[in-house]
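S.K.: show me the folded form of this:
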Amino acid sequence: MTRHLLVAAMFACTALPAAISCAGRTSGISRTEAVSQPAPERGAANATALPSTAPLPPSDSLKVVLLGTGVGPVVNLEQYGASTLVEAGGQRFLFDCGRGATLRLVQAGVPVGSITRVFLTHLHSDHVVQLSDLLLTGWAGGGRAVPMEIWGPVGTRAMMEHLQQAFAFDIQMRRDIDEHLPADGIRVVTHEVGTDSIVFAEGGLTVTAFLVDHGPVKPAFGYRVDYQGRSVVL
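M.R.: Coordinates of the predicted model:
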């Protein structure tokens, strides 16, 4: 878990609760704009309609969606695990992947298979526990056909390799025997971060990693996203 969660944005940003029903209560997703939920079609077999797919914001904007802000390994139905979505330059970036991240993405209208770049602050379980679901479901149920890229501290590569080993039967079955899903979609490209540095730069967008104090957990990183004169620090 992190000792402090800081989201500092150098642009106007009003976090509003998304009006998405979740077992009779709002989902509590905070984002820079409200999420609308379409009315279910008459005669729909499924009484619980999923929200429509949310389009990417304009290419010159930077948007932040707080999927979960919970800390620690305790299960909390009112506050899901740490995970933040940043949308900028026509791309999506996920920072940490705590408990419930994939559910929150779907509630926000974001296709799970559209998440192909993930940045990890550190390797505490409450920040990474949903990675296996994102990796597998984004591929098998979300149509991801390109490798997933993961940035994180030393140990990230070994973690992702062991996740693939743990689900080797399912991967081999879906890729080679049953659905014949694209092999690239279950590949992982890991970038281990060792010090303060620009770790991603494309199309005028940069992601900079910087060391943070997380007690005995070393290294731990924060990230700053810069795009079109706007910045957000996580």
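S.K.: and the closest residue to P153 other than its chain neighbours, what pLDDT?
M.R.: Counting by CB to CB, 6 or more residues apart in numbering, P153 lies nearest to P219, which is 4.8 Å off, once chain neighbours are set aside. Placement of C-beta: from N, CA and C, glycine included. On pLDDT, P219 comes in at 93.
S.K.: got the phi and psi for P219?
M.R.: Main-chain torsions, P219, degrees, to the nearest 10: phi -80, psi 160.
S.K.: and the helices in this structure?
M.R.: 101-107, 125-128, 131-140, 156-166, 168-172 (DSSP state H).
S.K.: most tightly packed of those helices?
M.R.: Most buried of the helices of the chain by mean neighbour count (mean count of other CB atoms under 10 Å) is helix 101-107; its value is a mean of 23.
S.K.: show me the shaky parts of the chain.
M.R.: Applying pLDDT under 70 to the chain picks out residues 1-52.
S.K.: repeat that for 50
M.R.: 1-27, 29-50 (pLDDT under 50).
S.K.: mind checking which of the helices of the chain is nearest Y223?
M.R.: helix 125-128 (12.6 Å; CB to CB).
S.K.: distance from that closest one to the middle of the chain?
M.R.: Put simply, helix 125-128 sits 12 Å off its chain's centre (CA atoms, centre = their mean, to the nearest Å).
S.K.: need the helices of the chain in TSV (columns: distance to G204).
M.R.: Below are the helices of the chain laid out as TSV (distance: least, CB to CB, whole Å):
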stretch	distance to G204
helix 101-107	25
helix 125-128	28
helix 131-140	26
helix 156-166	26
helix 168-172	36
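S.K.: these: which one's closest to E87?
M.R.: helix 101-107 (11.5 Å).
S.K.: that closest one - contacts with which helices or strands?
M.R.: Using 3 or more CB pairs under 8 Å, 6 or more residues apart in numbering; DSSP states H and E as the contact test, the elements touching helix 101-107 are strand 62-68, strand 83-88, helix 131-140.
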